[in-house]
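# Quick one: sequence plus predicted model below, questions after.
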Amino acid sequence: MNILIIEDDKDLCHAVSWQLRQEGHLVDCCHDGSEAVLYIRQGIYDLILLDCMLPGEDGLHLLRGIRAEGNPIPVIILSALGEVEDRVTGLNAGADDYLVKPFAYSELSARIASLFRRKNAFGSTALSFGDLSLDSAENILVCGDKKCDLSQTESDLMRLLLQTGGRTTDRTVLLHKVWGLDTSVESSNLDNYIYFLRKRLKTLDSRVAIVNRRGHGYHLEYSG
């Protein structure tokens, strides 16, 4: 895997890149947000590890720019900012995962492996429900002549909801299938991503709604 680390702490960058290379990954490092744009535009990376607070260009601003350009590359934020509001802001900006510093390398390695297990577990078959269709290979959600790009996590969750259609999928099942059986992700993270997807549906003017069956889980309803 070809990984880009965008981190201004050079000691941390060196330590993480050394560990990643021991696992067989190719790694590039940059320490400035403005410089990072040049690296990203090469289009050669499979994953970005991104610090929020960077010189040159703020990490979250950089991430929003990546998503605005339709770039679906997986991004894991590495940040010293660990409050719930900070994590929600990072995920809402388009991150696929958020890891708070200081962290054990073994956890970062497990998060990377989990992210790509999920990515590889979902096939490229297009799914539809009501006026929606999802291209899970490109992480694009389509309604009529409108479309929007999803993060990998958003795409995985929407795929499960589309597969079950009007049937309610239990919260635990969604958490395990999207984040993995060994996940330590809080249950509230699922609600955060449901909120993100509802915003996507509103942007697309879709008549599909994500409905919460309290105490059980979520399902789709179409008011066609």
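Sure, I can see it.
# contacts and neighbour counts: CA atoms only from here.
OK.
# so what's the residue minimising distance to the centre of the chain up against?
When C-alpha atoms, centre = their mean is applied to the chain, the residue found nearest the centroid is residue 96 (2.1 Å). Residues in contact with residue 96 (C-alpha atoms under 8 Å, 6 or more residues apart in numbering) are 74, 75, 76, 115, 151, 152, 153.
# quick one: strands adjacent to the helix or strand hosting the third one?
Per DSSP states H and E: residue 76 is located in strand 75-79. Taking DSSP bridges as the criterion, strand 75-79 pairs within the sheet with strand 47-51 (parallel), strand 97-100 (parallel).
# so of those strands, which one's packed in deepest?
strand 47-51 (a mean of 23; mean count of other C-alpha atoms under 10 Å).
# any idea how far it is from the chain center?
Mean-position distance between strand 47-51 and its chain equals 12 Å (C-alpha atoms, centre = their mean, to the nearest Å).
# Could I get the CA-only coordinates of it as CSV?
Taking Å, rounded to 0.1, in the frame of the first residue of the first chain, the C-alpha atoms of strand 47-51 are listed here in CSV:
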residue,chain,number,x,y,z
LEU,A,47,-4.3,6.1,2.2
ILE,A,48,-3.6,9.4,3.9
LEU,A,49,-2.8,9.8,7.6
LEU,A,50,-3.6,13.4,8.4
ASP,A,51,-2.8,15.7,11.3
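# ok so, going back, got JSON lines for the contacts of residue 96, with neighbour count, distance to residue 107 and pLDDT too?
JSON lines is the format used below for the contacts of residue 96 (neighbours: other C-alpha atoms under 10 Å; distance: C-alpha to C-alpha, whole Å; pLDDT from 0 to 100):
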{"residue": "74", "neighbour count": "21", "distance to residue 107": "17", "pLDDT": "91"}
{"residue": "75", "neighbour count": "24", "distance to residue 107": "15", "pLDDT": "94"}
{"residue": "76", "neighbour count": "23", "distance to residue 107": "12", "pLDDT": "96"}
{"residue": "115", "neighbour count": "22", "distance to residue 107": "12", "pLDDT": "85"}
{"residue": "151", "neighbour count": "23", "distance to residue 107": "21", "pLDDT": "90"}
{"residue": "152", "neighbour count": "27", "distance to residue 107": "19", "pLDDT": "87"}
{"residue": "153", "neighbour count": "22", "distance to residue 107": "18", "pLDDT": "90"}
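# Which one of the residues you listed is nearest to residue 9?
Among the contacts of residue 96, residue 76 lies closest to residue 9 (C-alpha to C-alpha), at 16.2 Å.
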